[in-house]
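Novice: fold the following, please.
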Amino acid sequence: MNKHVIVIGGGPGGYVAAIRAAQLGDQVDLVDSGSLGGTCLNAGCIPTKTLLHTAQLCQAVKKEAESGLVVDNIRIDWNTLQKHKTYVVSHLAKGIAGLLKANNVTVHQGRAVLQQNGAVRIEGEKTAVMNADIIIMAVGSAPVKLKVPGADLPEVIDSTEALSLEKLPESLVIVGGGVIGTELAALYNALGTKVTVLEMMPRILYPLDGQIAALLRELLSKEGILFFTSSKLMEIRKTGKALAVRFTVQDCEKEIACEKVLVAVGRKPNTENLGLEALGIKTEKGAIIVDQHFVTSIPWIYAVGDCNGNNMLAHAASAQGIAAVEHAHGKRVAYRSDVVPKCIYTNPEVASVGLTEDQVKSQGIPYKVGLFPLAGNGKSLIEGCKTGLIKIIADARYGEILGAHLMGPRVTEIIGEIALAMTMEATAQDLLSTIHPHPSVSEALAEAAHGVFGNPIHWPPVKNI
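Specialist: I've put the predicted structure just below:
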């Protein structure tokens, strides 16, 4: 039975849900108060990776001089790069608008507020009220703000502002060593900025597999990034034209001068002023509580993406949007919350899916680990990566793949193979039995799978790699 669906939010969760609903024959209205594509397209994934691509390309070309590439005066024109970033974002945003139009989704510019009995009030140029059979909230998230003295200084910026600075800062302190903070540290370091990262946890990238996180920190440190873990920010103050950042590291007080401070301590759901409380929709720390099908405490209202706090990744939001729509139509939902790839676009890249070794240990699962250093992979050496690692964690009894953690060239492009294998409940034996192309980084997956059962083919026999 066709339905009237109202989608609130035009990011990767919202616009994908709207298109899928339209494909199933629904009348669909999408309400968005910002720009189509949400944070990911306009102030997150796409602009960050656009800047990172050029910065890392410049960095790689300089390093290739050691391999015979002769270049003179290679440099980055920041203003031109900003224009290119704007073009990429604009091009993709127009593509989303075109897709919505082609699927007969009506887009409304304005702020949506939930009303009783499936009604939505749209506050824009003209206030209007629409009724829906199904409401899908995909309102995203916003950067968390610091609550320390000096956090409101104009030179203290968030991740959105960091992508559109008028000029490159000579020095930058990044507060937060998670995915966003680490990616931006890699970006500005590649652009020539002196970067310092403050992280309150004992290590950077805390949800990441500890072995991979430690290896990445080591490599980024060699590139010139200064890390302080187990640190606590105390104060930011203006000292002439610079900022003074005061912090403690294991009870030892330190101070660093810098031009700008970038706050990257996480994101929070955009759930304020939506009318949730009036309807009795349950939340926890701002995140909308949902069941396994993304249904809220009201059965015709769904919440997908960052606003439910389950997995703040664009591709997770899109998959949740599709799953919510299909559940509303009584279809079998295929969303796997335990098989969501995570990617970090540093140089080298990092990608992971499934359980980390610490998580497997804490759950008491008997397991085996297969490791393959990319020093033994020809394609990685060709691309200038002398240090990298493929790590596969498998169930000890059946060899079912429980998780994989990769660091190396273009590993964000091959992590999908492991995600597919896990979705199909494949084993490490299945992976090593699959013929991979040579030379490629992907063949290192099979090598690590061999390691689960003893030792990779292209690595000397050792007990511990």
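
Novice: so where's the longest helix in this structure?
Specialist: Criterion DSSP state H: the longest helix present in the chain is helix 78-102.

Novice: which residues in the stretch 101-250 of the chain form helices?
Specialist: With DSSP state H, counting those that start in this stretch, the ranges of helices along the stretch 101-250 of the chain come out as 179-190, 210-222.

Novice: so what's the spatially most central residue of the chain up against?
Specialist: Against the mean C-alpha coordinate of the chain, by C-alpha atoms, centre = their mean, the closest residue is residue 313 at 5.0 Å. Applying C-beta atoms under 8 Å, 6 or more residues apart in numbering, we find residue 313 in contact with 340, 342. (Glycine included, C-beta is placed from N, CA and C.)

Novice: how far away is it from residue 47?
Specialist: 16 Å (C-beta to C-beta, to the nearest Å).

Novice: walk me through the domains of the chain.
Specialist: For the chain, automatic domain parsing gives the domain ranges 4-142+268-328, 156-265, 348-452.

Novice: residue 340: which of those domains is closest?
Specialist: Among the domains of the chain, the nearest to residue 340 by C-beta to C-beta is domain 4-142+268-328 (5.1 Å).

Novice: so residue 133 touches residue 4, yeah?
Specialist: Yes: Residue 133 lies in contact with residue 4 (C-beta atoms under 8 Å); the separation is 5.1 Å.

Novice: can you give me the helices for the stretch 251-400 of the chain?
Specialist: Using DSSP H, counting those that start in this stretch, the helices found in the stretch 251-400 of the chain span residues 276-279, 314-328, 357-362, 378-382.

Novice: any chance of the helices of the stretch 101-250 of the chain in CSV, with distance to residue 384 too?
Specialist: Below are those laid out as CSV (distance: least, C-beta to C-beta, whole Å):
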stretch, distance to residue 384
helix 179-190, 14
helix 210-222, 12
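
Novice: check residue 463 and give its pLDDT.
Specialist: Per-residue pLDDT puts residue 463 at 63.

Novice: could you do residue 2 as well?
Specialist: Reported pLDDT for residue 2: 85.

Novice: next, count neighbours for it.
Specialist: 11 (other C-beta atoms under 10 Å).

Novice: so it sits in a strand?
Specialist: No: applying DSSP: H, G, I helix; E, B strand; the rest coil, one finds residue 2 to be coil, outside a strand.

Novice: which other helices and strands contact the longest helix of the chain?
Specialist: In terms of contacts (3 or more C-beta pairs under 8 Å, 6 or more residues apart in numbering; DSSP states H and E), helix 78-102 is packed against helix 14-23, helix 38-43, helix 45-63.

Novice: next one: that helix to chain centre, how far?
Specialist: In this view, helix 78-102 has its centroid 20 Å away from the chain centroid, taken as C-alpha atoms, centre = their mean, to the nearest Å.

Novice: which parts of it are buried?
Specialist: Burial within helix 78-102, assessed by neighbour count using 16 or more other C-beta atoms under 10 Å, is assigned to 81-82, 85, 88-89, 92-93, 96-97, 99-100.

Novice: how about JSON lines for these, with pLDDT and distance to residue 333 added?
Specialist: Shown next, in JSON lines, are the buried residues of helix 78-102 (pLDDT from 0 to 100; distance: C-beta to C-beta, whole Å):
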{"residue": "81", "pLDDT": "97", "distance to residue 333": "41"}
{"residue": "82", "pLDDT": "97", "distance to residue 333": "41"}
{"residue": "85", "pLDDT": "97", "distance to residue 333": "36"}
{"residue": "88", "pLDDT": "98", "distance to residue 333": "33"}
{"residue": "89", "pLDDT": "97", "distance to residue 333": "32"}
{"residue": "92", "pLDDT": "97", "distance to residue 333": "28"}
{"residue": "93", "pLDDT": "97", "distance to residue 333": "29"}
{"residue": "96", "pLDDT": "98", "distance to residue 333": "24"}
{"residue": "97", "pLDDT": "97", "distance to residue 333": "28"}
{"residue": "99", "pLDDT": "98", "distance to residue 333": "23"}
{"residue": "100", "pLDDT": "98", "distance to residue 333": "23"}
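
Novice: just send those back as JSON lines, with distance to residue 9 too.
Specialist: What follows is the buried residues of helix 78-102, written out as JSON lines (distance: C-beta to C-beta, whole Å):
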{"residue": "81", "distance to residue 9": "29"}
{"residue": "82", "distance to residue 9": "27"}
{"residue": "85", "distance to residue 9": "23"}
{"residue": "88", "distance to residue 9": "22"}
{"residue": "89", "distance to residue 9": "18"}
{"residue": "92", "distance to residue 9": "17"}
{"residue": "93", "distance to residue 9": "15"}
{"residue": "96", "distance to residue 9": "13"}
{"residue": "97", "distance to residue 9": "15"}
{"residue": "99", "distance to residue 9": "16"}
{"residue": "100", "distance to residue 9": "13"}
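
Novice: residues making contact with the longest helix of the chain?
Specialist: Helix 78-102 is contacted from outside by 10, 15, 18-19, 30, 35-37, 41-42, 46-47, 50-51, 54, 107, 163-164, 167-168, 191, using C-beta under 8 Å, 6+ apart.

Novice: now do 7 Å
Specialist: Residues from elsewhere that reach helix 78-102 (C-beta atoms under 7 Å, 6 or more residues apart in numbering): 15, 18-19, 30, 35-37, 41-42, 46-47, 50-51, 54, 107, 164, 167-168.

Novice: same thing with stretch 393-402?
Specialist: Residues from elsewhere that reach stretch 393-402 (C-beta under 7 Å, 6+ apart): 354-355, 357, 360, 365-370, 392, 403, 418, 421-422, 425-429, 431, 452.

Novice: chain center to that stretch, what's the gap?
Specialist: With C-alpha atoms, centre = their mean, you get 26 Å for stretch 393-402.

Novice: quick check: which ranges of the stretch 351-465 of the chain have low pLDDT?
Specialist: Along the stretch 351-465 of the chain, segments meeting pLDDT under 70 span 463-465.

Novice: ok, now the stretch 201-350 of the chain?
Specialist: In the stretch 201-350 of the chain, no residues with pLDDT under 70.

Novice: what sits against the nearest residue to residue 176 once chain neighbours are set aside?
Specialist: Sequence neighbours aside, residue 264 is the residue nearest to residue 176 in space, at 3.8 Å (criterion: C-beta to C-beta, 6 or more residues apart in numbering). Neighbour list for residue 264: 159, 174-176, 178, 180-181, 184 [criterion: C-beta under 7 Å, 6+ apart].

Novice: if we use 6 Å, what do you get?
Specialist: 159, 174, 176, 180-181 (C-beta atoms under 6 Å, 6 or more residues apart in numbering).

Novice: which of the contacts of stretch 393-402 fall in strands?
Specialist: Counting by DSSP state E, the contacts of stretch 393-402 place 354, 367-370, 392, 403 in strands.

Novice: want to throw these into a markdown table with distance to residue 341 and neighbour count?
Specialist: Output for those, formatted as a markdown table (distance: C-beta to C-beta, whole Å; neighbours: other C-beta atoms under 10 Å):
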| residue | distance to residue 341 | neighbour count |
| --- | --- | --- |
| 354 | 9 | 23 |
| 367 | 20 | 19 |
| 368 | 22 | 17 |
| 369 | 19 | 19 |
| 370 | 19 | 28 |
| 392 | 14 | 30 |
| 403 | 11 | 23 |
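
Novice: fine by me, we can end here.
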